[in-house]
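Novice: Okay, sequence plus prediction incoming.
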Amino acid sequence: MNRPTVYEKCLGIAWAGVILSALASCGSGAVSSPPDPITAVPLSVSPPTADIFPGVPTTFVISGGTAAYSVFSSNGDTLPVVTSVTGNKFTVMAKTVTSDTAIDITVRDSANAIPVIVKTKIKPTIFSVLPGSPITIAGARGVLVGQDGSCPSTTLPIKVDFYIFGGSAPYSAVSPLTKFAQISPVKDGSFTATIMDCGKASFIVTDATGRSLETTTVEGVKGAQGSAITPVAFSVTPNIVSIACGSGASILLTGSGQFMANSIGGNFIVTPNIGPLPANVAVGIRSGTVSSPVTVLFTNEGVTLSALVTITGLVGGACP
């Protein structure tokens, strides 16, 4: 029997390699290259920081990472997460605090991406009463030249509306001088003071937690002396005003006779909104949705003047 030559041995090995390669490809298809690795999108939360007011829902949006997500508060008693993560959103609502309180919200995904910490600051609820500027109420002008004017009276009383901002309902209010000013019971966060004489007083307002504060002063004075001099022209000063949520400003009206006031824009305060001139009128803003700027119209004997009031300190278009 003839032995295979070296050339025949090498040829056989080569054919065997071809056959093995063909068998490896049979049934399983061609061998493809491994896919390119997927780059993970980092986890993020918007907004990354927030000032939060008690009782006002604040919503955050999660992006990146891998759903499902979980959320944790560093102080669940003061800032509980009021909704679980729905899709990529969650909402928190803070409880009342007495001073600025820093609380962290930690957001994690299901793939153990680097967690995100949202820095929040819980702001204390403002407790104030509007108007915040002193109000002066003048009685009627003297009829004859040189005759003294009269004090506000029970026959021609002037009414001033007060509005409570923040705090905790229900509220109560007390007048220290009932012969000078009587006040109505507090209803829907407001009350009315009826000025019936010359005098000066602040009213005491108390909320459900026992916190008390004094309103701005209301003063009743005699009207101007009777005069044959041409009356002072009707004017509004200033006619451009900026106020923050929970605060107010004063607008001076000059002239003679009566004025009336009204505002174009919701949730706004003008008090008193009717009375004799000259007058010191307070403007302010309550909690809730706000249209800014607000136009306030003042009318006197057929003449209408305006003041433009801009509101600052809004949260999502509302005063907290």
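Specialist: All right, it came through fine.
Novice: for the record, mean pLDDT for stretch 57-75?
Specialist: The average pLDDT within stretch 57-75 is 92.
Novice: go on, stretch 102-110?
Specialist: pLDDT averaged over stretch 102-110 gives 94.
Novice: quick one: it to chain centroid distance?
Specialist: Relative to its chain's centre, stretch 102-110 lies at 24 Å (CA atoms, centre = their mean, to the nearest Å).
Novice: Next: stretch 231-245.
Specialist: 25 Å.
Novice: And stretch 244-258, by the same measure?
Specialist: 23 Å.
Novice: Validate this expectation: P170 resides in a strand.
Specialist: No: counting by DSSP: H, G, I helix; E, B strand; the rest coil, P170 is not part of a strand but coil.
Novice: Give me the pLDDT for it.
Specialist: On the pLDDT scale, P170 gets 92.
Novice: To what extent is the nearest residue to it once chain neighbours are set aside buried, counted in neighbours?
Specialist: Among residues not flanking P170 along the chain, A208 sits closest, at 5.7 Å (CB to CB, 6 or more residues apart in numbering). Every residue, glycine included, has its C-beta placed from N, CA and C. A208 has 11 neighbours, counted by other CB atoms under 10 Å.
Novice: Also L177?
Specialist: 14.
Novice: is it true that V118 touches A102?
Specialist: No: using CB atoms under 8 Å, V118 is not in contact with A102; the gap is 11.4 Å.
Novice: These two: which is more packed in?
Specialist: V118 (19 against 10).
Novice: Report the beta-bridge partner residues of the more buried one.
Specialist: Listed by DSSP bridges, the beta-bridge partners for V118 are I105.
Novice: Now do the contacts for it.
Specialist: By CB atoms under 8 Å, 6 or more residues apart in numbering, the residues touching V118 are 45, 47-50, 60, 104-107.
Novice: what's the closest of those residues to I158?
Specialist: For those, the closest approach to I158 (CB to CB) belongs to A50, at 43.8 Å.
Novice: From A244, how far out is that closest one?
Specialist: Per CB to CB, to the nearest Å, A50 is found 19 Å from A244.
Novice: Next, count neighbours for V92.
Specialist: 23.
Novice: so who does it touch?
Specialist: Counted by CB under 8 Å, 6+ apart, V92 has contacts 52, 57-58, 60, 73, 79-82, 105, 120.
Novice: between those, which is nearest G223?
Specialist: I52 (49.2 Å).
Novice: Quick one: low-confidence residue ranges for the stretch 151-300 of the chain.
Specialist: Counting by pLDDT under 70, the stretch 151-300 of the chain shows low-confidence ranges at 228-229, 265-266.
Novice: change it to 90
Specialist: Residues of the stretch 151-300 of the chain meeting the criterion pLDDT under 90: 151-159, 163, 165-169, 188-189, 208-211, 222-232, 243-249, 255-258, 262-280, 282-294.
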